[in-house]
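Novice: this is a predicted model, with the sequence first.
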Number of protein chains: 2
Amino acid sequence: MKRSKISANVIRRLPRYLRKLDDLAYHGVERISSGELGKQMSLTPSQIRQDFSCFGEFGQQGYGYNVEALRDEIATILGMKRGYSAILVGVGNLGHALMENFGFAAYGFHLKAAFDVRPDLVGTEVAGVSIYHADQLAAYLREDSVDIAVLAVPRRFAAQVARMLSENGIGAIWNFTNLELDLDNSKTLVENIHFSDSLLTLSYYLTEAREEDGEA
Amino acid sequence: MKRSKISANVIRRLPRYLRKLDDLAYHGVERISSGELGKQMSLTPSQIRQDFSCFGEFGQQGYGYNVEALRDEIATILGMKRGYSAILVGVGNLGHALMENFGFAAYGFHLKAAFDVRPDLVGTEVAGVSIYHADQLAAYLREDSVDIAVLAVPRRFAAQVARMLSENGIGAIWNFTNLELDLDNSKTLVENIHFSDSLLTLSYYLTEAREEDGEA
DNA sequence: CATGCCTTGTGAATACTGTAACATAACTAT
DNA sequence: ATAGTTATGTTACAGTATTCACAAGGCATG
């Protein structure tokens, strides 16, 4: 275990390992070797062993890895066992979709509250979570410490809300806004989901493929 | 211009350049140097120049880059000018959110139709796009060629729908499903939006930060 | 119109990431 | 038990990606 400074590439592969291991466990697989895992995930066995070795020695020679145990190790590494608290800001279509369909609990998160400005939403519940008025957000944060805020407000409010969250001590922002949040001299972590970036990347590769097919 | 084989890292930075350039243009900025752009985007000027040089020579010595022109070059590279057609499969909360809030047109995409199985949705319109029954999907694809399918169905249907899309000649799938699509011997491109991977990455970094703060 | 200032594009150097190879040790079957 | 097989963790290597450094060339000002 040499948890000095692990590269972002390794970190971003961990959730994928987790998903795969969950899947294997679900199908009753009890053990797996780096070779087999590599085949199933289109990775080299070397890379898999190297990735895991950043965090410890989870396998056994001549046997491989215990699926359940490895899954748990990765879950722990990712902080899933810490029971982080979350709030959602912006109960529009997307916020609503996240509340109803994204299982925060399955990833160890506790979604404690949601906030919006629409009077017809305030006071109601979605998927068992109460919706408060956005005006109460700052007070809520001061009262009750929150680890992560899911930011799903319209673009024009994003910068302002993000700053407010940061100033009130939020640990991290999961940003669904199209905007590049700029909180540079703050300690708040930011992780972006930029739909458009993803689509445009796909668009690029599609274009490349079409060009290769002679369509010039 | 040496458009031989451009690394994925470069490609994934392009949409971000585009967003930044749009923003600059919106604020009336007409020209920008790699130095200034680098400062604003937290990238080295070298990297920016190197990235662009993969596709051509868009700048001028002693001047920098013309914001508008560069923006257009990147838009073209990304295939935004090609007017790709798209359909959406699965008009649940998320699909609905995408139809209403994600501006496909702004990225050069034409969302032509949506598909679902729910009788109360079939026959209606969302954001000007008609919803058809999923049974008609295969026929629709054969009739009318479609470039990209947005896959937003429940997880349990994902594999089956993806295979069907692929078999009916879809060019690419934009996958919002938690599932790792496995279409290996097909030509269909896949781009994933894995919400959980993103959240767990954030969770990792939050955990790391907390550990550094002595909280062990 | 010429001089000095910028800023590009690129080739070379550095740093990082991923792959290969291997020594080591646990498991399995006889 | 023992021999053989298997698969790990790690060290050494190869391949990418990023940064540095500079020659070349346009821009702007006097």
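Specialist: Here it is on my side, so go on. Residues are numbered from 1 along each chain as shown, chains lettered A, B, ... in the order given.
Novice: the longest helix along chain A and DNA strand D, any residue contact?
Specialist: Using DSSP state H, we find that the single longest helix of chain A is helix A:8-26. No. Using C-beta under 7 Å from any atom of the strand, helix A:8-26 never reaches DNA strand D; the gap is at least 9.8 Å. For glycine as for every other residue, the C-beta is placed from the backbone atoms N, C-alpha and C.
Novice: check which element follows that helix along the chain.
Specialist: Counting by DSSP states H and E, the next helix or strand C-terminal to helix A:8-26 is strand A:31-32.
Novice: re the thing from before, report the backbone C-alpha coordinates of the longest helix of chain A in CSV.
Specialist: Extracted in CSV, the C-alpha atoms of helix A:8-26 (Å, rounded to 0.1, in the frame of the first residue of the first chain):
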residue,chain,number,x,y,z
ALA,A,8,-6.8,10.4,-11.8
ASN,A,9,-6.8,7.7,-14.5
VAL,A,10,-6.7,5.0,-11.9
ILE,A,11,-9.4,6.7,-9.8
ARG,A,12,-11.7,7.0,-12.7
ARG,A,13,-11.4,3.3,-13.4
LEU,A,14,-12.4,2.3,-9.9
PRO,A,15,-16.1,2.9,-10.3
ARG,A,16,-16.1,0.8,-13.4
TYR,A,17,-14.4,-2.0,-11.5
LEU,A,18,-17.0,-1.7,-8.9
ARG,A,19,-19.9,-2.0,-11.4
LYS,A,20,-18.3,-5.0,-12.9
LEU,A,21,-17.7,-6.7,-9.6
ASP,A,22,-21.3,-6.0,-8.5
ASP,A,23,-22.4,-7.6,-11.7
LEU,A,24,-20.2,-10.7,-11.2
ALA,A,25,-21.4,-11.0,-7.6
TYR,A,26,-25.0,-10.7,-8.8
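Novice: what mean pLDDT does that helix get?
Specialist: Across helix A:8-26, pLDDT averages out at 98.
Novice: is DNA strand C within reach of that helix?
Specialist: Yes. Shown here: helix A:8-26 in contact with DNA strand C (C-beta under 7 Å from any atom of the strand) through A:8-10.
Novice: just stretch A:29-36 next, same as before
Specialist: No. Judged by C-beta under 7 Å from any atom of the strand, stretch A:29-36 makes no contact with DNA strand C; its nearest approach is 8.8 Å.
Novice: residue A:31 versus whatever residue of chain A ends up closest to DNA strand C, what's the distance?
Specialist: Closest residue of chain A to DNA strand C, C-beta to the nearest atom of the strand: residue A:62 (2.5 Å). As judged by C-beta to C-beta, to the nearest Å, residue A:62 and residue A:31 stand 11 Å apart.
Novice: what does chain A put close to DNA strand C?
Specialist: Counting by C-beta under 7 Å from any atom of the strand, chain A comes close to DNA strand C at A:7-10, A:43-44, A:46-47, A:49-50, A:60-63.
Novice: extract the CA atoms of the longest strand seen in chain A and return them as CSV.
Specialist: What stands out as the longest strand in chain A, according to DSSP state E, is strand A:110-116. In CSV, the C-alpha atoms belonging to strand A:110-116 read as follows (Å, rounded to 0.1, in the frame of the first residue of the first chain):
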residue,chain,number,x,y,z
HIS,A,110,-28.1,10.1,2.1
LEU,A,111,-30.2,12.6,0.2
LYS,A,112,-31.5,14.8,3.0
ALA,A,113,-33.3,17.6,1.3
ALA,A,114,-34.1,19.4,-2.0
PHE,A,115,-34.4,23.1,-2.7
ASP,A,116,-36.2,25.1,-5.3
